[in-house]
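Asker: when you get a sec, could you give me coordinates for this:
(chains A, B, C and D)
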There are 4 protein chains.
Amino acid sequence: MPKILVIYYSRTGNTKKMAELITQAIEQTGAEAELKQVADVNVDEIIEYDAIVMGSPTYYGAPAYQIRKLIDESVKFHGKLAGKIGGAFSSSANIGGGNETTILNIINAWLVHGMVVIGISSGDHYGPVSINAVDDRSSLICKNYGNKIGNLAKKLFP
Amino acid sequence: MPKILVIYYSRTGNTKKMAELITQAIEQTGAEAELKQVADVNVDEIIEYDAIVMGSPTYYGAPAYQIRKLIDESVKFHGKLAGKIGGAFSSSANIGGGNETTILNIINAWLVHGMVVIGISSGDHYGPVSINAVDDRSSLICKNYGNKIGNLAKKLFP
Amino acid sequence: MPKILVIYYSRTGNTKKMAELITQAIEQTGAEAELKQVADVNVDEIIEYDAIVMGSPTYYGAPAYQIRKLIDESVKFHGKLAGKIGGAFSSSANIGGGNETTILNIINAWLVHGMVVIGISSGDHYGPVSINAVDDRSSLICKNYGNKIGNLAKKLFP
Amino acid sequence: MPKILVIYYSRTGNTKKMAELITQAIEQTGAEAELKQVADVNVDEIIEYDAIVMGSPTYYGAPAYQIRKLIDESVKFHGKLAGKIGGAFSSSANIGGGNETTILNIINAWLVHGMVVIGISSGDHYGPVSINAVDDRSSLICKNYGNKIGNLAKKLFP
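Answerer: Residues are numbered from 1 along each chain as shown, chains lettered A, B, ... in the order given. This next block holds a predicted model:
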């Protein structure tokens, strides 16, 4: 079974809640999922996973610097994550407040690593977005996304 | 007084409504504003304006091709629009449905032209976004944006 | 064997050359590849392929409107392309001239379709870029990219 | 005379060199320019400037986390930087290696602050890019960009 790491940074709890929903949905596909806040992640452990999903609040159109710090450190595995799966999600205070650019910032980092990314045809297309607290809409998209990530991982890492 | 052109493509009327609100707000600053749907714009006339604001529904994370066609044609003025002001707005079916990437697609075109762009510190930061029909939230942001564009134009083209 | 469609728009021949290199590299993986210029693609045929790779010159930070027109038309298959693979490439006149935003514009469209995308860990990370004529550098990246796309398709569509 | 702050993060010296060229070009417009590495910038001082130009190497398609940390901290002035000018530049190891997304990441942050941004019609359109060491091409674009920033600042903050 593929092993998937869900990493988040959260201050108000909104991004954390999204991370939990995504983690549960991944587990329901049969894949193994681990949930960690970014402060508890040692960069050395990311190499052990088949997929990494990362979430952050939207700060000035991008993830919190703590998330970017971990991505900067991941350079030590450059080339070795190629072919693994990457995902992203974000909570934000405003509808057009930078949530898409935050998610795409993380997605782009996965592409630079040569990783594989998947979109969502219904709902938030680049990755789940919550405007402030997680509501029914964003909860559903988090579950769909976790399901998609889990199933793609099972196909690529059987 | 500066002359500002607001161009839109709209099928359901949502983007058109946003265009109207932005146009009215520009006029309230004392700047001259003209509103046109993209089908009625001849590329030759864009050179006559000090600012161009362009809006589109979100189609696969980008403006409708009719908007891109006009931008492609604007190459005939390459370098001659430098220093003018550009703006963008979008309506979309989903919160994380590509509205930011649509707006930034237009903003990027203005930057390629060497134009000047302004963001919004409260509300939708890159340009006004409406999720489906224009509501009080998006209406307010359209008005603020028109106001900002009009006032910046008055400063740069007194 | 998976079937892959490579679509391009080209005026000077640079993007066409990239398309040919990518197509050949896909075929060398054993996957079936078809090469078409966008004017010859009927949107109805895209559903028959397991992967679609699309290339365009960089026009104001985005693909030519002819490419966007086909993407707009692809809405008739919305949801039905989910899980297929998407790729993108671009030729451009300048190093920082919008080639990345052009590629990401196409990549974002694939994500909106719920499709799967892969990055490149060495070289142009989001997709192959050629600055003007295809040189050894961009030629190599086109070959690597075709190889990656072909092999991913073989994994996902055995 | 307007006061402009040029902030950079640099490890190999490439981004620093770009920062110096931009600073000199700003000074030649008659505007006042100050050059600081990000480690020496206290967020409290950014409010004193009419324009902020920020540069970073390209790390996984985005600025170094040290740059994002300063941007995160700038939230204490949210709304108070509106109308000021922002700029961005980047050095990178590869042509399609994420330099545009790095620059646009900073540009987007300025838009979230409600700031004013200007593009470059000839050369690197979103902001100056250097592929590895600064060469004649990137040097010229840095000078043009500094000139544009300085002149726009003189118009908006006479």
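
Asker: which stretches of chain A form strands?
Answerer: Here chain A has its strands, by DSSP state E, at A:3-8, A:32-37, A:51-57, A:85-92, A:116-118, A:129-131.

Asker: quick check: neighbours of the first one in the sheet, parallel or antiparallel?
Answerer: For strand A:3-8, the paired strands and their directions (DSSP bridges) are strand A:32-37 (parallel), strand A:51-57 (parallel).

Asker: give me the number of residues near the nearest residue to residue A:134 once chain neighbours are set aside?
Answerer: Leaving out its chain neighbours, the residue that sits closest to residue A:134 by CB to CB, 6 or more residues apart in numbering or on different chains is residue A:17, at 4.6 Å. C-beta: built from backbone N, CA, C; applies to glycine. Other residues lying near residue A:17 total 20 when counted by other CB atoms under 10 Å in any protein chain shown.

Asker: my guess is residue A:64 contacts residue D:72. True?
Answerer: Yes - applying CB atoms under 8 Å as the test, residue A:64 and residue D:72 come out as touching, 6.3 Å apart.

Asker: contact partners for residue A:57?
Answerer: A:9, A:10, A:11, A:12, A:14, A:15, A:63, A:64, A:90, A:91, A:92, A:102 (CB atoms under 8 Å, 6 or more residues apart in numbering or on different chains).

Asker: again, only using 7 Å
Answerer: Taking CB atoms under 7 Å, 6 or more residues apart in numbering or on different chains as the criterion, residue A:57 is in contact with A:10, A:11, A:15, A:64, A:90, A:91, A:92.

Asker: next one: residue A:133
Answerer: Counted by CB under 7 Å, 6+ apart, residue A:133 has contacts residue A:14.

Asker: what's the pLDDT at it?
Answerer: You'll see residue A:133 listed with a pLDDT of 96.

Asker: phi first, then psi, for it.
Answerer: The phi/psi pair for residue A:133 (degrees, to the nearest 10) reads phi -60, psi 150.

Asker: ok, it to chain C distance?
Answerer: 25 Å (CB to the nearest CB, to the nearest Å).

Asker: distance of that residue relative to chain B?
Answerer: 14 Å.

Asker: what's the answer for residue A:89, then?
Answerer: 9 Å.

Asker: report the beta-bridge partners for residue A:57.
Answerer: Residues in beta-bridge contact with residue A:57 (DSSP bridges): residue A:91.

Asker: mind checking pLDDT for the nearest residue to residue A:8 once chain neighbours are set aside?
Answerer: What sits nearest to residue A:8 in space, not counting adjacent residues and going by CB to CB, 6+ apart, is residue A:19, at 3.9 Å. In this model, residue A:19 is scored at 98, pLDDT.

Asker: number of nearby residues for residue A:19?
Answerer: 27.

Asker: what do you get for residue A:156?
Answerer: The burial count for residue A:156: 18, using other CB under 10 Å.

Asker: what's near enough to touch it?
Answerer: A:85, A:116, C:155.

Asker: same check on residue A:101?
Answerer: A:61, A:62, B:100, D:108.

Asker: re earlier: deepest-packed of the strands paired with strand A:3-8, please.
Answerer: strand A:51-57 (a mean of 27; mean count of other CB atoms under 10 Å in any protein chain shown).

Asker: run the chain-centre distance for that one.
Answerer: With CA atoms, centre = their mean, to the nearest Å as the basis, strand A:51-57 stands 2 Å off its chain's centre.

Asker: which positions in chain A make contact with chain D?
Answerer: A:59-62, A:64-65, A:68-69, A:71-72, A:98, A:101, A:105, A:108-109, A:112 (CB under 7 Å from any CB of the partner chain).

Asker: cutoff 10 Å now
Answerer: Residues of chain A lying near chain D by CB under 10 Å from any CB of the partner chain: A:57-75, A:78, A:94, A:97-98, A:101-102, A:104-113.

Asker: quick one, which of the residues you listed are buried?
Answerer: A:57-74, A:94, A:97-98, A:101-102, A:104-113 (16 or more other CB atoms under 10 Å in any protein chain shown).

Asker: distance from the chain centre to stretch A:37-49, please.
Answerer: 13 Å.

Asker: I figured residue A:72 hits residue A:43, correct?
Answerer: Yes - because the distance of 9.3 Å satisfies CB atoms under 10 Å, residue A:72 is recorded as touching residue A:43.

Asker: how about the residues of chain A near chain C?
Answerer: Going by CB under 10 Å from any CB, the residues of chain A near chain C are A:77-83, A:85-86, A:100, A:103-104, A:107-123, A:125-127, A:144, A:148, A:151-152, A:155-158.

Asker: now stretch A:83-95: average pLDDT?
Answerer: pLDDT averaged over stretch A:83-95 gives 96.

Asker: run the chain-centre distance for it.
Answerer: The answer for stretch A:83-95 is 5 Å, by CA atoms, centre = their mean.

Asker: pull the CA atoms of it into PDB?
Answerer: Only the C-alpha atoms of stretch A:83-95 are listed here, as PDB (Å, rounded to 0.1, in the frame of the first residue of the first chain):
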ATOM      1  CA  GLY A  83       7.500  10.400 -10.100                       C
ATOM      2  CA  LYS A  84       6.000  10.700  -6.600                       C
ATOM      3  CA  ILE A  85       2.700  12.400  -6.200                       C
ATOM      4  CA  GLY A  86       2.200  15.900  -4.800                       C
ATOM      5  CA  GLY A  87      -1.000  17.800  -3.700                       C
ATOM      6  CA  ALA A  88      -1.900  21.100  -2.100                       C
ATOM      7  CA  PHE A  89      -4.700  22.900  -0.300                       C
ATOM      8  CA  SER A  90      -5.300  26.300   1.300                       C
ATOM      9  CA  SER A  91      -7.600  28.200   3.600                       C
ATOM     10  CA  SER A  92      -8.100  31.900   3.000                       C
ATOM     11  CA  ALA A  93     -10.000  34.900   4.300                       C
ATOM     12  CA  ASN A  94     -11.300  36.100   0.900                       C
ATOM     13  CA  ILE A  95     -12.700  34.400  -2.300                       C
END
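
Asker: what's the angle from the lengthiest helix in chain A to strand A:3-8?
Answerer: Longest helix in chain A, counting residues (DSSP state H): helix A:136-156. Angle of helix A:136-156 versus strand A:3-8, following axes from the mean of the first three to the mean of the last three CA atoms, to 10 degrees, is 150 degrees.

Asker: got the CA coordinates for helix A:136-156 in PDB?
Answerer: Extracted C-alpha coordinates of helix A:136-156, given in PDB (Å, rounded to 0.1, in the frame of the first residue of the first chain):
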ATOM      1  CA  ASP A 136     -20.000  21.700   3.700                       C
ATOM      2  CA  ARG A 137     -18.700  22.800   0.300                       C
ATOM      3  CA  SER A 138     -15.000  22.800   1.200                       C
ATOM      4  CA  SER A 139     -15.400  19.600   3.300                       C
ATOM      5  CA  LEU A 140     -16.800  17.700   0.400                       C
ATOM      6  CA  ILE A 141     -13.900  18.900  -1.900                       C
ATOM      7  CA  CYS A 142     -11.400  17.900   0.700                       C
ATOM      8  CA  LYS A 143     -12.900  14.400   0.800                       C
ATOM      9  CA  ASN A 144     -13.000  14.200  -3.000                       C
ATOM     10  CA  TYR A 145      -9.400  15.300  -3.200                       C
ATOM     11  CA  GLY A 146      -8.100  12.800  -0.600                       C
ATOM     12  CA  ASN A 147     -10.000  10.100  -2.500                       C
ATOM     13  CA  LYS A 148      -8.300  11.100  -5.800                       C
ATOM     14  CA  ILE A 149      -4.800  11.300  -4.300                       C
ATOM     15  CA  GLY A 150      -5.300   7.900  -2.600                       C
ATOM     16  CA  ASN A 151      -6.500   6.200  -5.700                       C
ATOM     17  CA  LEU A 152      -3.800   7.800  -7.900                       C
ATOM     18  CA  ALA A 153      -1.200   6.600  -5.400                       C
ATOM     19  CA  LYS A 154      -2.600   3.100  -5.500                       C
ATOM     20  CA  LYS A 155      -2.300   3.100  -9.300                       C
ATOM     21  CA  LEU A 156       1.300   4.400  -9.400                       C
END
